[in-house]
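Chemist: generate coordinates for the sequence data below:
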Amino acid sequence: MRKRTIFRSSRAVLLGGALVWLLGTPLAAQEPVQQQVPDVHVVTKGETLWGLAAFYFGDPLLWPEIYRLNTPVVEDPHWIFPGEELRMAGMPAVAPTPGADLPPGAEPPPQQAVAGEPQPGQVPQGEELPPPAPPPPPPSASGPTIFAYRPAAVSGFSGAEGYRAQAVSRHEFYSGGFLTEDQSLPWGTVSGAIERPAVRRIPASSSAGIFDKVAIVPPANGAYQVGDTLLFARLLRGVPGWGQVVYPTGVAVVSETAPEGAVGTVLFQFDRINNGHLALPIEPFADPGGVLPVPVQNGMMGSIIGTRLTNPVPGQLQIVFIDLGRSAGVVPGDVFTVLKYSAGETFSPKQIAEFRIVHVRDQSATGLIMNVMDIGLQAGSPVQLVKKMPS
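Modeler: Okay, the predicted model is just below:
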């Protein structure tokens, strides 16, 4: 067997040496070309904040800065959608560090002076030396960074740290779920994905992701129109006296109609969407804008009906249901605290958790847990309103 080599002739070696001699520096030692950053980036399918930070700034860990600049557009940093315009102006400049790619202990090569350009420490002719930069603040006075989060104290809490109040987002409103309150809802049915998968699935069931198309069967004596927005969900379990727990899995818009059903395009996905899931006409979302809840004294009292998932220890970003709803004046954005009384104690209860209302029904409401200070949150735990959305 004839042995193969990389170069079939010594002329290739001579050519490579000539290139190095002509250029004056090896190709690997040249500085990397920085990607030009536009003022606005239009999102295309498949992009993420992590990928955009790596592409434009060379560091994927800078994605929180892009999110910070675009919070009016991006509701959830895990999801950005085609067509969204993300502002890039104002991001910190990222320049390669000289000698960052050298082996440990090696000295970076001296930089060559360029004729006509001032060198470090040299003042251009006709200009004055700028004043020296102020010294950095001591560690105790340093400002917050994108990796350090210090929650603001919540009014009404004694010694407990809470979270900074914020408005309810569209994503929270539709993904929180609710109790049916024993009402008969006009459920349709997801019958399956439209596109044929590239790989044949062995199970009989199929699933759909974001921007996929699904077939939907309307309820009896019902029909869908193009442009209708539907909430996909599955029913988890029954709660005595409160109906069933609705667990949302996504949102779709009807793009086509037919006598036997309709075709919907998935816009949001909260969980896997499978055939057999239910479809319900979506409730309109009233964007609160910049309105935030304000502290109240001696707010209304209620109790926890249960949690959406039967976890033994409920934690942050989990869902709870309470026995106060629209009829009691509860609206999305209201903040409640969960109380815990000691044995034989009827005054001065302990605050063990805090949640924000994200969805409201007539007699019940859905809360998103934002802060947990102690264990003990369970069905029957008393809750009290501590911050109210202005009416």
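Chemist: use CA for all of it now, contacts and neighbours both
Modeler: Noted.
Chemist: my guess is residue 330 contacts residue 322. True?
Modeler: No - assessed by Cα atoms under 8 Å, residue 330 is found out of contact with residue 322, at 10.5 Å.
Chemist: anything in contact with each of the two?
Modeler: Between them, residue 330 and residue 322 share these contacting residues under Cα atoms under 8 Å, 6 or more residues apart in numbering: residue 365.
Chemist: so which bits of stretch 347-358 are buried?
Modeler: By neighbour count on 16 or more other Cα atoms under 10 Å, the buried set for stretch 347-358 is 350-358.
Chemist: least confident secondary structure element in this structure?
Modeler: helix 10-23 (a mean of 42; mean pLDDT, DSSP states H and E).
Chemist: next structured bit after that one?
Modeler: strand 40-42 (DSSP states H and E).
Chemist: would you mind splitting the chain into its domains for me?
Modeler: Using automatic domain parsing, the domains assigned to the chain come out as 40-87, 173-197+206-281, 289-388.
Chemist: mind checking the ones you listed for the one nearest to residue 167?
Modeler: domain 289-388 (5.8 Å; Cα to Cα).
Chemist: for the residue lying closest to residue 36 once chain neighbours are set aside, give its distance to residue 336.
Modeler: Spatial nearest neighbour of residue 36, chain neighbours left out: residue 56 (7.1 Å); criterion: Cα to Cα, 6 or more residues apart in numbering. Distance, residue 56 to residue 336, using Cα to Cα, to the nearest Å: 42 Å.
Chemist: which one of the two is surrounded by more residues?
Modeler: residue 336 (25 against 17; other Cα atoms under 10 Å).
Chemist: show me what that one bridges to in the sheet.
Modeler: residue 355, residue 385 (DSSP bridges).
Chemist: pull the contacting residues for it.
Modeler: 354-357, 383-387.
Chemist: now residue 48. Nearest residue, chain neighbours left out?
Modeler: residue 80 (6.5 Å).
Chemist: list the contacts of the one you found.
Modeler: Contacts of residue 80 by Cα under 8 Å, 6+ apart are 43, 47-49, 74.
Chemist: how near is it to residue 46?
Modeler: 9 Å.
Chemist: sorry, back to before: mean pLDDT and distance to residue 167 for the domains of the chain - can I get that in TSV?
Modeler: What follows is the domains of the chain, written out as TSV (pLDDT from 0 to 100; distance: least, Cα to Cα, whole Å):
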stretch	mean pLDDT	distance to residue 167
domain 40-87	85	11
domain 173-197+206-281	90	11
domain 289-388	90	6
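Chemist: number of nearby residues for residue 246?
Modeler: Neighbour number of residue 246 under other Cα under 10 Å is 21.
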